[in-house]
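Pasted the sequence and its predicted model underneath.
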Amino acid sequence: CNDRTIEMYGFASKNEVLACTIGDLSVEVESYTKENAHDLIQKTLTEGSQIFEWQAKNKNGVLFWVEVCLNKTEIAGIKYVLAVVRNVSERKKNEIELFRKQHEVQAILDASVDVVVLINSEGEFLACNEKLAKRWNLPKEELIGQSAAKILPPHIFKERIERARKVIETGIHEQFIDNYNGCYYDVSIEPVYEIDGTIKNVAMFSRDVTDTIKTNEKIRESEIQYRYLFEQNPAPMLIYQRGTFRFLAVNEAFEKKYGYTKDDIKSMVLTDLYPIDEKNAIKELANSLKGLAYVGEWHHVKKDGTEMTIIATSHDLVYNEFDSRIAVITDITERKAMEIVIQKSENRLRKAQEIAHVGNWELDLKTNQMWLSNEAKKIYGLTNTNKEITLDDVLQIAIKRRKAPLDKAVNFLKIFKKEYREEYQIKRAND
């Protein structure tokens, strides 16, 4: 042995080394026993040179890794095996650390929800995770070392490799959306730095976002339809935020009806539309509304100060992420005015009938239901009855000797739907 061997194994002299056996310098664990060593020596004698790594032990029992090269030689007719031993503990340590890190990296790759690949500038797979293998239905081992061009459509590969090379050149990441085979992929390419700061490879992350994009497309379509229905609706509509009552949107019909512009609306709240005596009441009601609700009759004030009577129906809505309500408004000002006119006319008619002692009644020929004016009830003596008055009740009031002509006239009316005129005597029901 030489001095380097003495130093490597921690002995003080050559004699100490020569006094040792192979077993003394080995760890005596599986694959590194003296029997394994003897087998390698015999193999050297029969087959020639052998190079292998060996776990050795120094004088103090400290383990270390060596690389051994065995060669057979012959001196004075005697065959020997010459061993050249090199301490590779540091290299082995680095290899073990690299192996550990590679497994850690692989574990991280496989834990990712995205497809992750490490590729070079030629598009070859250097590493990948199980998600990629699953996407393409190929064993991971078959993908490593292969070009992405073998699995990607040509135009997709061309775009990705150009972007990868750009990242290698600039060190700036790229992100984009791929669309092929009816699917959408969100792709991100990140630079991978070497120890010396250079970039030779890139990490590519790919996530299937098909469902998200298609859902967003449906949402956009729905929003377009909603905006059309909202903006083009002939009825005035408004959207206000719950709690603050701040206006979030109004449609064109609202602007035309009320005279307010969209700029006006930006600084307005719901209660601004109501007269002073209704503000507190509508605020209290609005705070309690849930789901579809008819809010009844109220008064609104237009921009020019004109007051109108309205009815409104509203419903919950999430608008631009705000908890809101949408309301549809109907102007019933003219209808209310007409109701007043009709009511006044009815009052005049009733007064005129009272003065002239003239009454009238109506008969629904389909349902046989009757309606009598107040004066008609007085004439027939039916003012004190609570039951529904029928045609028979009216006909029974006629005295018997005049009832037959009256019945005939009424039947003529029912059949031919033509007016009749008949005079007859009655006996009031309450006489």
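Arrived safely. Nothing here was measured: the structure is a model prediction, and the numbers come from that model. Residues are numbered from 1 along each chain as shown.

got the contact list for Val117?
With contact taken as Cβ atoms under 8 Å, 6 or more residues apart in numbering, Val117 is in contact with 125-129, 132, 148, 203-204, 206. Any C-beta I mention is one placed from the backbone N, CA and C, and that applies to glycine too.

Buried only: go through those residues for me.
125, 127-129, 132, 148, 203-204, 206 (16 or more other Cβ atoms under 10 Å).

Return the distance of the strand or helix carrying Ile379 from the chain's centre.
Ile379 belongs to helix 374-380 when assigned by DSSP states H and E. With Cα atoms, centre = their mean, to the nearest Å as the basis, helix 374-380 stands 69 Å off its chain's centre.

Extract the CA atoms of the helix or strand just after it and return them as CSV.
Scanning forward in sequence from helix 374-380 by DSSP H and E, the next helix or strand is helix 391-397. This file holds the C-alpha atoms of helix 391-397, laid out as CSV (Å, rounded to 0.1, in the frame of the first residue of the first chain):
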residue,chain,number,x,y,z
LEU,A,391,-133.1,36.7,-10.5
ASP,A,392,-135.7,34.5,-8.8
ASP,A,393,-135.7,36.8,-5.8
VAL,A,394,-136.5,39.8,-8.0
LEU,A,395,-139.2,37.9,-10.0
GLN,A,396,-140.9,36.6,-6.9
ILE,A,397,-141.6,40.2,-5.8
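
Could I get the buried residue list for whatever helix or strand comes next after helix 391-397?
Sequence-wise, the next helix or strand beyond helix 391-397 is helix 400-416, with elements assigned using DSSP H and E. Neighbour-count burial for helix 400-416 flags 403, 406, 410 (criterion: 16+ other Cβ under 10 Å).

Just the residues contacting helix 400-416, thanks.
Contacts for helix 400-416 (Cβ under 8 Å, 6+ apart): 365, 391, 395, 398, 418-420, 422, 424-425.

CSV please, covering those residues and showing neighbour count, pLDDT and distance to Arg160.
Formatted as CSV, those follow (neighbours: other Cβ atoms under 10 Å; pLDDT from 0 to 100; distance: Cβ to Cβ, whole Å):
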residue, neighbour count, pLDDT, distance to Arg160
Leu365, 10, 75, 82
Leu391, 14, 79, 89
Leu395, 14, 77, 95
Ala398, 18, 73, 101
Lys418, 7, 72, 90
Glu419, 8, 74, 91
Tyr420, 13, 70, 94
Glu422, 13, 69, 99
Tyr424, 15, 69, 102
Gln425, 11, 73, 106
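
Just flag the most distant two among those residues.
Leu365 and Gln425 (25.9 Å; Cβ to Cβ).

Which one of the buried residues of helix 400-416 is nearest to Gly171?
Among those, Val410 lies closest to Gly171 (Cβ to Cβ), at 102.5 Å.

any idea how far His300 is from the closest one?
Here Val410 is placed at a distance of 50 Å from His300 (Cβ to Cβ, to the nearest Å).

ok, and the helix or strand in the protein with the lowest average confidence?
Ranked by mean pLDDT, DSSP states H and E, the weakest helix or strand in the chain is helix 89-111, scoring a mean of 69.

any idea which helix or strand comes after that helix?
Next in sequence after helix 89-111, counting helices and strands by DSSP H and E, comes strand 115-120.

Listing partners with orientation, what would you give for that next one?
As defined by DSSP bridges, the strand partners of strand 115-120 come to strand 125-128 (antiparallel), strand 199-208 (antiparallel).

Could you dump those into CSV and include distance to Ile219 and mean pLDDT?
What follows is the strands paired with strand 115-120, written out as CSV (distance: least, Cβ to Cβ, whole Å; pLDDT from 0 to 100):
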stretch, distance to Ile219, mean pLDDT
strand 125-128, 34, 87
strand 199-208, 19, 90
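
Take the ones you listed and write them to CSV, including distance to Gln175.
Below are those laid out as CSV (distance: least, Cβ to Cβ, whole Å):
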stretch, distance to Gln175
strand 125-128, 19
strand 199-208, 9
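
who wins for proximity to Pro236 among these?
Closest among the strands paired with strand 115-120, using Cβ to Cβ: strand 199-208, at 45.0 Å.

Need the residue in the chain that's farthest from the chain's center.
In the chain, the greatest distance from the average C-alpha position (Cα atoms, centre = their mean) is reached by Ala76, at 87.0 Å.

give me phi/psi at that residue?
Dihedral pair for Ala76: phi 50, psi 40, per degrees, to the nearest 10.

Show me which pair in the contacts of Val117 is furthest apart.
Using Cβ to Cβ, the contacts of Val117 span at most 15.7 Å, a distance reached by Leu126 and Ser206.

tally of neighbours for Val318?
By other Cβ atoms under 10 Å, 8 other residues sit near Val318.

which SSE is it in?
Val318 belongs to strand 307-319, assigned by DSSP H and E.

Using neighbour counts, pick out the buried residues of the helix or strand following that strand.
Using DSSP H and E, the helix or strand that follows strand 307-319 towards the C-terminus is strand 322-331. Neighbour-count burial for strand 322-331 flags 324-329, 331 (criterion: 16+ other Cβ under 10 Å).

Alright, that wraps it up for me.
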